[in-house]
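**Student:** okay, sequence plus prediction incoming.
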Amino acid sequence: MAEEEQMKRQFIDKVFQAADANGDGSIDFDELRHIQESINDAFPGLNEPIEQRTDEEWREDFDFVDTDHNGRITKEEFVDNLLPAILGDDA
Ligand SMILES: [Ca+2]
Ligand SMILES: [Ca+2]
């Protein structure tokens, strides 16, 4: 399913760009917190399965995705850790 993989990559590229509000190439905690709004803006009409969370839960998610703990989520970290979470089972 290389084609499907390709489409997912393109999708995640767009999500990453949408989430990176200040365009510095990485996602900080604030940007992650607003990722749902970013996705909704970038993909109007898309029902995103990201539920409402508390700051604490976002912080846990952020620490989980920020695998080198430098306070920023790079595209690599985003794809490796958030892609499966966003796209579900077969990601
Ligand atoms: Ca950013
Ligand atoms: Ca990082």
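**Tutor:** Arrived safely. Ligands and ions are numbered 1, 2, ... in the order given.
**Student:** so who does the closest residue to residue 18 other than its chain neighbours touch?
**Tutor:** Spatially, and ignoring its direct neighbours in sequence, residue 18 is nearest to residue 42 (3.6 Å; Cβ to Cβ, 6 or more residues apart in numbering). To be clear about C-beta, it is placed using only N, CA and C from the backbone, and glycine gets the same treatment. When contacts are counted by Cβ atoms under 8 Å, 6 or more residues apart in numbering, residue 42 touches 14-15, 17-18.
**Student:** repeat that with 7 Å
**Tutor:** For residue 42, the contact set (Cβ atoms under 7 Å, 6 or more residues apart in numbering) comprises 14-15, 18.
**Student:** one more: residue 56?
**Tutor:** No contacts exist for residue 56 under Cβ under 7 Å, 6+ apart.
**Student:** what sits against residue 19?
**Tutor:** Residue 19 sits next to 27, 31, 35, 38 when contact means Cβ under 7 Å, 6+ apart.
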